[in-house]
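Participant: Quick one: sequence and predicted model below, then my questions.
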Amino acid sequence: MVVGEEEFLADRVVGEIRAEARATDPEVEVHDLVGSRLEKGELAALTSPSLFGDRNLVVIRGAQDLGKDVIAEIVAYAAHPSEDVTLVAVHPGGVKGKALVDGLTKAGARVVRIPKITKAGERVEFVRAEAQRAGRTIGRDAATALIDAVGSDLRELAAAVSQLALDTSGQGKGISEEAVARYHRGRAAVSGFTVADGAVEGRLADALEQLRWALATGVAPVLIVSALAQGLRGLAKVSGARNMRGPDMAKNLGMPPWKIDRVRRQLSGWGPEGLSHALRAVAEADAQVKGAGTDPAYALERAVQRIVASRTGR
C-alpha cells in the first residue's frame, strides 16, 4: 500500500518497487491499472499462478475509486497472495476507499505513508534532499531561491534540481544561489520577495533590476509593497528578540527556524533607527501605489532606494 496525496512521491515509490522487481527478474511483466476501470474478476486473471513461473507486478493507481466488490476481491487475495505476484495499490488517503487501506493493512501488507508537503520549510528540505539524491548539496537560501523561481510543484522542483546538478557538475559539490539565479532568473525575478531580499541586504542595483522585471512581467505593485513590508517586519521581530534561544524565538515569533537564520544574516548593517526609516518609506509607498500617487513604479523604486540607504545609515 502506498498512501498519500503527493502524486510525485507516490510515483517515485512505485518506480522503486518496479526497479526492485526487475532486479529480481528482468522479465517481470508490469500491469499498470486505473482503479476506476478495474472490474471484478480482472485481478484474479492477473494474479493466477503461471505454469511457466512468470512473475507479475500489478499496480493499481487511484485505488480510492475501486468498486466495493473489487475491494473485497483484493482484500481476500491479500490473505493468500501468490509468490509470483507483487501487488501495489496507490491510495491518496481519506475516507473514500478506506476499506481497502484497512483491509490490506490488516492482511499484513507493507504500507508506505507519504506525508503531504505544505509548509515552506518542508519544501526547502525537499529540495535539499533532492540535491543529495543527485550527489550534490544546496544551502537553504539557494533552495528557497529555487522554490521562488520554479514554484511549489514537487515534480518541477525535482526536475529543476536534477538539471542544475547536471549543468553545474564542474563547479564543486554545492549548488549555489548564484547558479540558481543564473539558470532561473527569468522566473525568479518576478517574485516580490526577491526584490525585498535585495533591498534589505543592501544590493541596490540588483533590487532595482528585479523590481523592474517584476513590474514588466505583471507582478502587482501592491504585492511588491507587501513583500517589502514583510521583509522589514521580519528584521524588526528578530532584532527585538536577539536574546532568545532558537526554539524559543521560533515559537514566540511564529517563524520557522530556517527563516530566522536567514533574517539573522540579513540583519547585518541594520539598527533600530534605520529600520524605522525603512518602514516609514514602505508605508509611504503603500499609500502611493493604492491611489495617493500617480506612478507606482517610481514610488517602488524610491522605496527600494530609501530602504538601502537606511540600512547603510545614510
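Facilitator: Structure received.
Participant: how about the helices in the stretch 1-150 of the chain?
Facilitator: Here the stretch 1-150 of the chain has its helices, by DSSP state H, counting those that start in this stretch, at 7-24, 42-47, 68-79, 98-106, 120-133, 140-150.
Participant: Give me whichever of these is most buried.
Facilitator: Of all the helices of the stretch 1-150 of the chain, helix 140-150 has the most neighbours on average by mean count of other CB atoms under 10 Å, namely a mean of 22. Placement of C-beta: from N, CA and C, glycine included.
Participant: for it, packing partners?
Facilitator: Under the contact criterion of 3 or more CB pairs under 8 Å, 6 or more residues apart in numbering; DSSP states H and E, helix 140-150 touches helix 120-133, helix 154-167, helix 177-188, helix 192-200, helix 257-266.
Participant: That one vs helix 120-133, what angle?
Facilitator: Using axes from the mean of the first three to the mean of the last three CA atoms, to 10 degrees, the direction of helix 140-150 lies 100 degrees away from that of helix 120-133.
Participant: tell me the domain boundaries of the chain?
Facilitator: Annotated domains of the chain cover 2-113, 117-188, 191-314 [automatic domain parsing].
Participant: and those domains as JSON lines, adding mean pLDDT?
Facilitator: Below are these laid out as JSON lines (pLDDT from 0 to 100):
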{"stretch": "domain 2-113", "mean pLDDT": "91"}
{"stretch": "domain 117-188", "mean pLDDT": "85"}
{"stretch": "domain 191-314", "mean pLDDT": "82"}
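Participant: about what we covered before: looking at the helices and strands packed on helix 140-150, which is buried most?
Facilitator: It is helix 192-200: most buried of the helices and strands packed on helix 140-150 by mean count of other CB under 10 Å, with a mean of 25.
Participant: helices or strands next to it in the packing?
Facilitator: Against helix 192-200 (3+ CB pairs under 8 Å, 6+ apart) you get helix 140-150, helix 204-216, helix 221-239, helix 296-311.
Participant: do that again at 7 Å, thanks
Facilitator: For helix 192-200, the packing partners by 3 or more CB pairs under 7 Å, 6 or more residues apart in numbering; DSSP states H and E come out as helix 204-216, helix 221-239, helix 296-311.
Participant: Please enumerate residues in contact with that helix?
Facilitator: 148, 188, 206-207, 210-211, 214, 219, 223-224, 226-228, 230-232, 235, 266, 304, 307-308, 311 (CB atoms under 7 Å, 6 or more residues apart in numbering).
Participant: Nearest residue to the middle of the protein?
Facilitator: Taking CA atoms, centre = their mean, the centroid of the chain lies closest to Arg123, which sits 3.3 Å from it.
Participant: ok so, going back, so for Glu284, which of the helices of the stretch 1-150 of the chain sits nearest?
Facilitator: Minimum separation from Glu284 across these (CB to CB) falls at helix 140-150, 26.2 Å.
Participant: what angle separates the closest one from helix 154-167?
Facilitator: 120 degrees.
Participant: from the middle of its chain, how far away would helix 140-150 be?
Facilitator: The chain centre lies 9 Å from the centre of helix 140-150; the measure is CA atoms, centre = their mean, to the nearest Å.
Participant: what does stretch 37-48 give?
Facilitator: Stretch 37-48 has its C-alpha centroid displaced from the chain centroid by 37 Å (CA atoms, centre = their mean).
Participant: Quick check: end-to-end length of that stretch?
Facilitator: One end of stretch 37-48 sits 20 Å from the other (CA to CA, to the nearest Å).
Participant: ditto for stretch 197-204
Facilitator: By CA to CA, the extent of stretch 197-204 from end to end equals 10 Å.
Participant: For the remainder of this discussion, apply numbering that starts at 17.
Facilitator: Understood, numbering begins at 17; the last thing we discussed is stretch 213-220.
Participant: give the contact list for Ala325.
Facilitator: Ala325 makes contact with no residue under the criterion CB under 7 Å, 6+ apart.
Participant: and Ser326, how many residues sit next to it?
Facilitator: 25 (other CB atoms under 10 Å).
Participant: Report the separation between it and Val238.
Facilitator: If you measure Ser326 against Val238 using CB to CB, to the nearest Å, the figure is 22 Å.
Participant: Any chance of the backbone angles for Ile191?
Facilitator: Per-residue torsions, Ile191: phi -100, psi 120 (degrees, to the nearest 10).
Participant: and it, what is it in contact with?
Facilitator: For Ile191, the contacting residues are Ala147, Arg152, Ile154, Ala158, Leu180, Ala181, Thr184, by CB under 7 Å, 6+ apart.
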